[in-house]
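>>> Requesting a structural model of the entry that follows:
(chains A and B, ligands or ions: 2)
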Amino acid sequence: MIKIENLEKVYKTEEVETTALNGINLHVAAGEFVSIMGPSGCGKSTLLNVMGLLDKPESGSYKFIDTELLTLNDRERSNFRKKNMGFVFQNFNLIDELTVFENIELPLIYNKIPAAERKQLVNEIIERMNIVNRSGHFPQQLSGGQQQRVAVARALVTKPKLVLADEPTGNLDSSHGNEVMELLCELNETGTTIVMVTHSSHDASFSNRIINLKDGHVISEKINKSRNEELI
Amino acid sequence: MFRLNLKIALRNLWRNRGITSINVGGLAIALAAFILVILYFTYETSFDKTNPNYNNIYVVGRIEPDFKTNYTSPPFAKAIKQHLPEVENAGITKRGFFEFSMKNGKNTLFAKNFMQADYNAAKILDLKPTGGLEKPPGNVERLSYLSKENMRALFPDKTDNKPEIVGMGASNSGITSKINGSITNNLHSNITFDGISIGNEIGKGENYGYNNYTTYIQVKPGTDVANLEQKITDLYRKELLKGETDQKTIAEIKGVSTFLDPLANLHLRPKAGNDAPYKILIALSILGILILVIACINFTNLSIAQATKRAKEVGIKKVMGAYRFQLTAQFLVEIFIQCFVATILGLTLAELSLPYFNNLFQVNLSIWTTENDLCWQLPLILCVITLIAGTYPALVLSGFKPALVLKGNFSTSKQSSWLRNGLLVFQFSIAVIFIIGLFIINSQLKYMRSEDLGFTANQVVYIKNISMFNKPETFAPVRDKILKIPGIKSATVATDIPDGAEGGANGYTFEGVKSSLDFIDVDFDYFETLDIKLKEGRFFSKSFPADTTNGAVVNESTVAKYGMKNPVGKTIRGCNIDYKIVGVVKDFKAQGFESAVKPTIYSIKNPCGNYKTQIMVKIEGNKMSSALAALKAQWLQINPKDGEDFRYEFLDDLYGKLFKKQEQLQSVFFGAALLTIFIAVLGLFAFAKYITNGRIKEIAVRKILGASDIQIFSLINSSFFIMVLIANVISWPLAYVITKRWLETFAYRIDLPILPFISSALITILLTVITVSIQARKAVKANPVDALKYE
Ligand SMILES: Nc1ncnc2c1ncn2[C@@H]1O[C@H](COP(=O)(O)OP(=O)(O)O)[C@@H](O)[C@H]1O
Ligand SMILES: [Mg+2]
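Numbers count the residues shown, from 1 in each chain, chains lettered A, B, ... in the order given. Ligands and ions are numbered 1, 2, ... in the order given. A predicted model of the protein is given here:
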């Protein structure tokens, strides 16, 4: 589904130039769950941001089911993003002024879903995530694990083809982290493609394939046999 | 989507309610000031605008070699109407030159200005007697009207509009007059009056020398006014030249011309007159705009300062597919809502402060009338301030890159700090200019109040009177009777009192040099009553009978003008009289502080002069009330021709009116300085709060590393301190130029002092340090461990 070729991204600041991505080639098939690992600063987040159309690379190509995405203008990128992608961040990034319900509702609003349908979709997902009694709360009133569930719910509510997760368990203890990983697996089982950045090999073990980055290069790729066997 | 955005906005505003209320409150105050200025501006620029021919009406004035005047003579209007087809109508008015009383039984009215107008002028000026403007039946007969207010004063129970008979002057005069009805006296017009009499023709038989009238013309729409002006000048010269043979006179006539002054100019900047009201109006408008701009800057500044808090929201929304313009619009709407609230508050504040404003500017403005155009101006202002205050923050906020802001350690403080600092410096610069201005206006006013005027207006009572006392013999018995009253030291009569009024001017020749001098005709004891200082020779004295025929006293300026040496005893010729100079007096500031003392000649006899009617008496301070009571009781016996109504004013009050304009300016500057400082400090307060909040972690770390409280206070204060210093340095030269130019409008003024400049710096720095330190205190006093626990 995703075909990335020769992706290069350079950050220029006054003093230094940092090559964050240095000729990345990457294919992701539909329905796959891919983990990206590597030392801090190797370009994982940058790669995810480029995949999520939040950042523009200097050169390369990025095809999403035969559509070249790097030539799109801002507006087309926005449109593409809101129709096809969902995001989960390490630091949750919920809007503090909105309740759980409203946070989850927000992407539906930008997708111009009618109010009645929105309500139904949000309620469904809230139930699935087991946060029904929290729907009127504000983010600060929730634990980190709960906040991340809301963030996952928000990423899923539009039924995106691709979910991008940047260290989704980074700020969580292991039991909350596991809950989130299980959610992602469930999601993957229903057919959603997932690309996840992580530091934890435990988390990576949930995925089909692990890609190792270093200094902006893909240095190795490993099929996660246990998980694949499980699937078959 | 709107609903959710609104929720985010409201919850955000509520969470930052401290800063929000400072922001909205500051804007509301500025708006209130601005609304008052707009009301005043609209009022001042719309005099006579209700006249249906507003744009086609002009005053015809004369330009003589050394002055311009609106006073013209009766035949001129007729000639214009007769010869110039583009002039639709032409008419004349004459203002009442003295105050007289009108009586109906016990009700008395003092009419200061009982005007005359011909029917044409009444039509041009859209005068509206109750029941409509009527054409007077014959050429002699007049229709007289009293203003509605005055009619009510004389005939409180009158309900119909039938003519009435009123007594004129003292009740023993036996003169009565017919009043045909009442008339609207529009105070929002250049033509105001206590009453008016309208005739088909006024000033009949008066020729081109009688320049006591104002000529109004109404031109046909689309007339080329410059061209008409030239034609009228040609016509005027042609009329004056009729029958002239004297070459010198003919040459003089060729030197005069005329001008047309639109009705629209008359109130604020008449061509023949000064444009000070216009300048004040412009200054006031600039002040109003500046204050509003400062408040908008506050808004911009704080919105950007708060941007970090909103950055995450922007990032998330963009991740979810929001377009930039949606976010821009969202922030603009948010700011619009705040501006809207500020407008409502501002309107309320304006309403509350309107009475003070009306009192200060002697107007009667109101917010709740349709006349004042606020109904379209306010929404416009609301949109403009939303754009000024909101565009930049909205663009900055909506421009955040999601990949950057969602990383979690995003900070905007670097990005726009130069702009925020620049705006803060701008605000303080303006505040500094106002402070300096205020100090300097205060000093000049203090100087004017305490400076030696050269005469003493204190305890001099000016008594109103319309009997003429041109010959000393006629005033002598009056003076004798007045002086019998205990406490009265002296009494005199003159053509003018020193209340800033301009006297007449005439040509005088001294040792072959002819020059123009102001003249004032006086009686004995004039100089003594006003306590004017003698320099050489003597004052007028009854022991020198010749004083009443050809004695003259001149002032120092006259001596200087002619370069006289030992003037006493020498002859100065004017009005066909060889005057003998008997004394020289020191200059005294009869005209106030704005113009230099004019070269003036004082004489008892002056056939070219005016009527001596202005009585002045000097009364001992501790016998003031008894003496006034006695004067009132005996006035009919003392001054039988004009007696009965004893009316007086204190000369120092009259003279004090010359300062009125400056006092207004002082009040305005006081208000403006206070407002700008207040708003700037409000902004600083919120800004400092934001900055310290952003540095709580840094402060905590520094404290753990051993920084003292003082070190942290100075750390936080230093950048603000520098900004305020820069603001002072920027505004000093500006304030210097502005105040210097203002001071130059005075002939008698203080030297530009340095102290205001230093004081303004001290005041602003002190305010800054206090404001910032109040905010810094919280961060300094907080337990560093608590501060670091979060995140
Ligand atoms: N906005 C930026 N400006 C400059 N350099 C950046 C920026 N974002 C990331 N980098 C640099 O790019 C490299 C890759 O960063 P990132 O993708 O965030 O790494 P990580 O693999 O830890 O997620 C790092 O060296 C980082 O310093
Ligand atoms: Mg990262």
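
>>> What are the structural domain limits within chain B?
Here the domain parsing of chain B from automatic domain parsing is B:1-44+B:272-412, B:54-224+B:258-265, B:466-641.

>>> Who is B:Ile619 paired with across the strands?
Counting by DSSP bridges, B:Ile619 is bridged to B:Ile488.

>>> correct me, but B:Leu651 touches B:Asp499?
Yes - contact criterion Cβ atoms under 8 Å: B:Leu651 and B:Asp499 qualify, at 7.0 Å. Where you see a C-beta, it was placed from the backbone N, CA and C, and this is true even at glycine.

>>> Which of the two has more residues huddled nearby?
Ranked by neighbour count (other Cβ atoms under 10 Å in any protein chain shown), B:Leu651 and B:Asp499 place B:Leu651 first, with 24 against 20.

>>> Next one, pLDDT for the more buried one please.
pLDDT for B:Leu651: 91.

>>> what's the answer for B:Phe2, then?
74.

>>> tell me the pLDDT at whichever residue of chain B sits closest to chain A?
Residue nearest to chain A within chain B (Cβ to the nearest Cβ): B:Gly321, separated by 2.4 Å. Note on B:Gly321: pLDDT of 84.

>>> thought it was touching A:Pro107?
Yes - contact status for B:Gly321 versus A:Pro107: in contact at 7.1 Å, counting by Cβ under 8 Å.

>>> residues contacting A:Asn93?
Neighbouring residues of A:Asn93 by Cβ atoms under 8 Å, 6 or more residues apart in numbering or on different chains: A:151, B:312, B:315-316, B:319, B:406.

>>> what about burial for those, which qualify?
Buried members of the contacts of A:Asn93, counted by 16 or more other Cβ atoms under 10 Å in any protein chain shown: A:151, B:312, B:315-316, B:319, B:406.

>>> tell me which of these is nearest to ligand 1?
B:Leu406 (11.4 Å; Cβ to the nearest ligand atom).

>>> Distance of that closest one relative to A:Asn49?
Using Cβ to Cβ, to the nearest Å, we find B:Leu406 at a distance of 9 Å from A:Asn49.

>>> likewise B:Asn207?
Noted for B:Asn207: a distance of 95 Å to A:Asn49, by Cβ to Cβ.

>>> Compare the two (neighbour count), which wins?
Ranked by neighbour count (other Cβ under 10 Å), B:Asn207 and A:Asn49 place A:Asn49 first, with 27 against 10.

>>> Quick one: mean pLDDT for stretch B:764-781?
87.

>>> buried ones in that stretch?
By 16+ other Cβ under 10 Å, the buried positions in stretch B:764-781 come out as B:764-765, B:767-769, B:771-773, B:775-776, B:779-780.

>>> Name the surrounding residues that touch it.
Stretch B:764-781 is contacted from outside by B:428, B:431-432, B:435, B:677, B:681, B:684-685, B:688-689, B:691-693, B:695-696, B:699, B:703, B:709, B:712-713, B:716-717, B:720-721, B:724-725, B:727-728, B:787, using Cβ under 8 Å, 6+ apart.

>>> If we use 6 Å, what do you get?
When contacts are defined by Cβ atoms under 6 Å, 6 or more residues apart in numbering or on different chains, stretch B:764-781 is touched by residues B:428, B:432, B:681, B:684-685, B:688-689, B:692, B:696, B:699, B:709, B:712-713, B:716-717, B:720, B:724.

>>> Mark which of the residues you listed are part of helices, please.
The helices, defined by DSSP state H, take in B:428, B:432, B:681, B:684-685, B:688-689, B:692, B:696, B:699, B:709, B:712-713, B:716-717, B:720, B:724 from these.

>>> Give me the buried entries from those residues.
Burial by neighbour count, 16+ other Cβ under 10 Å: within the ones in helices among the contacts of stretch B:764-781 this picks out B:428, B:432, B:681, B:684-685, B:688-689, B:692, B:696, B:699, B:712-713, B:716-717, B:720, B:724.

>>> top helix in chain A by residue count?
Using DSSP H to define each element, chain A has its longest helix at helix A:174-189.

>>> centre of the chain versus that one, how much separation?
Put simply, helix A:174-189 sits 13 Å off its chain's centre (Cα atoms, centre = their mean, to the nearest Å).

>>> So for stretch B:222-234, mean pLDDT?
Computed over stretch B:222-234, the average pLDDT equals 93.

>>> Could you point out the member of the buried ones among the contacts of A:Asn93 that lies closest to B:Ala476?
If you rank the buried ones among the contacts of A:Asn93 by distance to B:Ala476 using Cβ to Cβ, B:Lys312 comes first, at 94.8 Å.

>>> measure that closest one to B:Gly563 for me?
With distances taken as Cβ to Cβ, B:Lys312 is found 84 Å from B:Gly563.

>>> Same check on B:Asn186?
Separation of B:Asn186 from B:Gly563 (Cβ to Cβ): 52 Å.

>>> Pull out the buried positions in stretch B:637-647.
Under 16+ other Cβ under 10 Å, the buried positions of stretch B:637-647 are B:638-639, B:642-646.

>>> Please apply the same query to stretch A:202-218.
For stretch A:202-218, burial by neighbour count (16+ other Cβ under 10 Å) applies to A:203-204, A:206-213, A:216-218.

>>> neighbours around the residue in the stretch 401-550 of chain B that ligand 1 sits nearest to, how many?
In the stretch 401-550 of chain B, the residue that lies nearest ligand 1 is B:Leu404 (5.8 Å; Cβ to the nearest ligand atom). Neighbours of B:Leu404 under the rule other Cβ under 10 Å: 14.
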